[in-house]
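Visitor: Give me a 3D structure for the following:
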Amino acid sequence: MHISEGVLPGWMLLTGWGLTAIGTAIGLKQLDNKKIPAAALLAAAFFVASLIHVPIGPTSVHLILNGLVGLLTGWGTFPILLVGLFLQAILFQFGGITVLGVNTFNMAFPAIIAYYLCRRLLKSNKNFTIALAGVIAAFVSIMGAGILVATELYLTGQQFKSAAELVLLAHIPVAIIESIINIFVLLFIKKSMPELLGGKE
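Guide: Next up is the predicted model:
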């Protein structure tokens, strides 16, 4: 999911940084003191889960957990993923600094969409509805991020067209795996810390 340095044109890098700056500003404003511990835990989970990469051309696939982060923190997803991706870039050279804005937007924006689609489902008392929210969030977030990456690679030129198609297909099994993870995590939170599923209106 990380796009490498030197792949995207300058206008796309600047657009990514601009959109990520807006999302991060909104996210920091909405992250109150009660959500800071959960945000730190989710940032650590995202950092670890996305360390194992399967390279595909100029990008890669891996667990992201952006859907889960989006469900639990809303717009807080932007600063959480920005910190995780920054640390991965400087410690392990995943992605890079110039593409940090684009990579953050690609993973965070679909998670925000998932948050708005599923936040009412999270308030249900029924386990099935909570599980459904986890599945929807995983597919919307993962496939949404895959579509953004594929579109950006496609727009860079024909040399990345085949990689763009492969990236989209490769994320289907990732979405299935993250659906299962989301279901277990959300049902555990429902039993132990149900206030975290209250969403942020």
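Visitor: After the host helix or strand of residue 70, which helix or strand is next? Please name it.
Guide: For residue 70, the element it lies in under DSSP states H and E is helix 66-73. Downstream of helix 66-73, the first helix or strand assigned by DSSP H and E is helix 77-92.
Visitor: my guess is residue 7 is in a helix, correct?
Guide: No - Residue 7 sits outside any helix when classified using DSSP: H, G, I helix; E, B strand; the rest coil, being coil.
Visitor: Mind listing residues that contact stretch 177-192?
Guide: 63-65, 67-68, 71-72, 122, 127, 130-131, 133-135, 137-139, 141-142, 196-197 (Cβ atoms under 8 Å, 6 or more residues apart in numbering). (Glycine included, C-beta is placed from N, CA and C.)
Visitor: quick one, what contacts the residue nearest to the spatial centre of the chain?
Guide: What sits nearest the mean C-alpha location of the chain, by Cα atoms, centre = their mean, is residue 66, with 2.9 Å. Contacts of residue 66 were listed using Cβ under 8 Å, 6+ apart, and they are 46, 77, 81, 107-108, 110-111, 141-142, 145.
Visitor: In a markdown table: the residues you listed, plus distance to residue 6, neighbour count and pLDDT.
Guide: A markdown table is the format used below for the contacts of residue 66 (distance: Cβ to Cβ, whole Å; neighbours: other Cβ atoms under 10 Å; pLDDT from 0 to 100):
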| residue | distance to residue 6 | neighbour count | pLDDT |
| --- | --- | --- | --- |
| 46 | 25 | 24 | 86 |
| 77 | 27 | 32 | 95 |
| 81 | 22 | 31 | 94 |
| 107 | 20 | 31 | 94 |
| 108 | 23 | 28 | 96 |
| 110 | 25 | 26 | 96 |
| 111 | 26 | 30 | 96 |
| 141 | 27 | 31 | 95 |
| 142 | 25 | 30 | 92 |
| 145 | 21 | 26 | 91 |
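Visitor: Run through the helices of this protein in chain order.
Guide: Secondary structure of the chain (DSSP state H): helices at 10-30, 36-49, 66-73, 77-92, 100-122, 127-156, 161-192.
Visitor: quick one, the fourth one and helix 127-156 angle?
Guide: This points to helix 77-92. Using axes from the mean of the first three to the mean of the last three Cα atoms, to 10 degrees, the inter-axis angle of helix 77-92 relative to helix 127-156 is 60 degrees.
Visitor: pLDDT of stretch 178-187, averaged?
Guide: Stretch 178-187 shows a mean pLDDT of 94 in the predicted model.
Visitor: buried set for it?
Guide: Under the neighbour-count criterion of 16 or more other Cβ atoms under 10 Å, stretch 178-187 has 178-179, 181-183, 185-186 buried.
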